[in-house]
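In: Requesting a structural model of the entry that follows:
(one chain, ligands or ions: 2)
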Amino acid sequence: MGARRVDEERVAQRLDRFRIETPSWGYADTGTRFGKFLQDAAATNWRERLDDAAQVHALTGCCPTVAVHVLWDFPGGTEPREVGEYAAARGVRIGSINPNLFQDACYKWGSLTNRDPAIRRRAIQHVRDSIEIGRVVGSDVLSLWLADGTNYPGQAHLRQRKRWLAEGLREIHEAMPPSMRLLIEYKPFEPAFYHTDIADWGMAAALARAAGPRAGVLVDTGHHLPGANIEHIVAFLIDEQLLGGFHFNDRKYADDDLTMGSIDPYQLFRIFFEIAAAEHERGGAGSAAADVPIEYMIDQSHNLKPKIQAMIQTVMTAQEYFARALRVDFEALEAARSAEDLVASERVLRDAFERDVRPFLCEYRQRRGLPADPLAAFRASGYEQRVAAARAANKPRSAGQYA
Ligand code: PSV
Ligand code: MN
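Out: Ligands and ions are numbered 1, 2, ... in the order given. This next block holds a predicted model:
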């Protein structure tokens with residue numbers, strides 16, 4: 001085998017372990033604050049969302065789990081067991097459990113940071129119930145995002161809220177079974193516009209440390225202020241063993257939920273490069289022991305693109321840029337770095353970024369009995385047209401009714 005083949009084999013082995021979780025909410029009709037444009041083919045209930053996620057997995061082979069949102073995917077009295085069984089019958093599993101501490105009117109002034117101890121208790125109880133859902137459906141990931149924050153200076157006692165938050169997270173961590181990981185997501189603004197209680201990765205990291213050893217930070221790529229160096233955050237968290245997972249998406253301005261890599265593919269490459277570099281130092285892409293334990297998840301809400309197509313496009317993009325990053329010539333990079341040759345160092349990265357790995361990925365998929373181009377296969381399958389015909393009947397035609 002030539003050196004190139006050996007390299008490709010090593011990348012292929014790593015990609016076999018690269019699992020990407022898709023979010024149930026990415027298959028449903030979603031909107032902006034100004035209205036919703038409904039899509040005939042978008043899923044209208046949890047069963048249809050799982051059907052669609054199963055399609056994505058069937059064509060890509062790398063999306064075996066589906067993230068669920070507790071209020072959205074287990075509506076009034078839905079048995080978690082039923083949801084888990086439905087998923088299994090379609091060849092997927094329930095992945096991260098996302099408690100919902102932001103929709104109930106009682107959380108107007110916060111959930112885990114609410115000054116009212118009864119509301120804080122209620123929030124913790126909801127998370128305990130979510131942990132139980134995880135146990136029933138066989139999920140080991142609890143993914144927590146809080147909308148807690150304030151809109152005006154002076155509105156709240158920031159340090160007090162920080163302590164309540166740490167207390168609550170400790171209790172949640174204690175309530176988890178030993179196999180479960182807690183992911184703590186940060187976001188600098190929205191829906192709160194003055195401060196959010198977990199505004200950035202540093203706060204999330206401090207809170208994860210306070211919560212316990214199975215807590216880590218969840219990096220949603222859309223949750224940074226413009227100019228933030230996300231790959232540096234990623235590298236730092238990996239080194240602190242605090243990188244729990246990703247919510248992938250792309251953005252131009254804020255939390256835009258655009259498909260991954262659509263705006264800044266080089267940033268995506270740089271993120272994957274930091275992961276590949278860490279794994280290279282841990283023993284290389286061929287060995288599972290070298291993998292950094294990261295939950296790779298998508299968090300996108302496609303307002304205009306057809307949902308399943310957008311998801312498959314994202315999954316293919318993720319594989320592409322990880323494959324590019326895995327093929328960085330780390331020896332050449334080290335040589336250039338030790339000579340302080342920044343032109344050569346940057347060039348090593350650019351060479352890998354610009355290498356077209358698509359033919360390799362086509363062959364990789366075909367060898368695994370998958371379509372070479374899952375997006376083309378999906379578009380040709382007629383699935384979207386079939387479900388559109390069945391689902392459109394359940395939707396009002398006027399988006400205004402949903403505003
Ligand atoms: C919040 O903006 C967020 O990124 C959280 O992950 C939520 O769970 C998700 O979006 C819901 O859309
Ligand atoms: Mn998110």
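
In: Need phi/psi at the residue of the chain found nearest ligand 1.
Out: Using C-beta to the nearest ligand atom, Trp145 is the residue of the chain that sits closest to ligand 1, at 3.8 Å. C-beta here means a position set from N, CA and C on the backbone, and glycine is covered the same way. Reported as degrees, to the nearest 10, the phi and psi values for Trp145 are phi -120, psi 130.

In: pretty sure it contacts Asn100?
Out: No. Under the criterion of C-beta atoms under 8 Å, Trp145 makes no contact with Asn100, lying 9.3 Å away.

In: now the strands for the protein?
Out: All strands of the chain, identified by DSSP state E, fall at 20-23, 65-69, 93-98, 141-144, 149-150, 181-185, 195-196, 215-220, 243-248, 295-298.

In: Distance check, Val11 against Lys36.
Out: Val11 sits 41 Å away from Lys36, taking C-beta to C-beta, to the nearest Å as the criterion.

In: Neighbour count for these two, which is higher?
Out: More crowded of Val11 and Lys36, by other C-beta atoms under 10 Å: Val11, with 24 against 16.

In: Chain neighbours aside, what residue packs nearest to that one?
Out: What sits nearest to Val11 in space, not counting adjacent residues and going by C-beta to C-beta, 6 or more residues apart in numbering, is Leu326, at 4.7 Å.

In: likewise Met203?
Out: Closest to Met203 by C-beta to C-beta, 6+ apart is Tyr186, at 6.3 Å.

In: Correct me if wrong: that neighbour contacts Ala208.
Out: No. The criterion here is C-beta under 8 Å, and Tyr186 misses it with Ala208 at 10.2 Å.

In: Now list whatever residues contact both of these two.
Out: With contacts taken as C-beta atoms under 8 Å, 6 or more residues apart in numbering, Tyr186 and Ala208 have Val217 as neighbours in common.

In: residue contacts, the residue in the stretch 1-150 of the chain that ligand 2 sits nearest to?
Out: Of all residues in the stretch 1-150 of the chain, the one sitting closest to ligand 2 is Trp145 (5.8 Å; C-beta to the ion). If a contact means C-beta under 8 Å, 6+ apart, then Trp145 has Asn98, Phe102, Glu185, Lys187, Leu218, Asp220 as its contacts.

In: Drop anything exposed from those residues.
Out: Buried members of the contacts of Trp145, counted by 16 or more other C-beta atoms under 10 Å: Asn98, Glu185, Lys187, Leu218, Asp220.

In: how close does the nearest residue to the last one once chain neighbours are set aside get to ligand 2?
Out: Nearest residue to Asp220, sequence neighbours excluded (C-beta to C-beta, 6+ apart): His247, at 3.7 Å. Remark: distance between His247 and ligand 2 (C-beta to the ion, to the nearest Å) = 4 Å.

In: Go ahead and confirm His247 touches Thr221.
Out: Yes. Between His247 and Thr221 a contact is recorded at 6.9 Å, counting by C-beta under 8 Å.

In: More neighbours: which of the two?
Out: Counted by other C-beta under 10 Å, His247 and Thr221 do not tie: His247 has more neighbours, with 27 against 22.

In: does that one have beta-bridge partners, and which?
Out: Asp220, Met297 (DSSP bridges).

In: how near is it to Leu15?
Out: Taken as C-beta to C-beta, the span from His247 to Leu15 is 21 Å.

In: Model confidence score at the closest residue to Gly286 other than its chain neighbours, please.
Out: Of all residues not flanking Gly286 in the chain, Arg10 sits nearest, at 4.6 Å (C-beta to C-beta, 6+ apart). Each residue has a pLDDT score; the one for Arg10 is 94.

In: ok, how many other residues are close to Arg10?
Out: Arg10 has 16 neighbours, counted by other C-beta under 10 Å.

In: these two touch, right, Pro265 and Ala318?
Out: No. With contact defined as C-beta under 8 Å, Pro265 does not reach Ala318; the gap is 11.0 Å.
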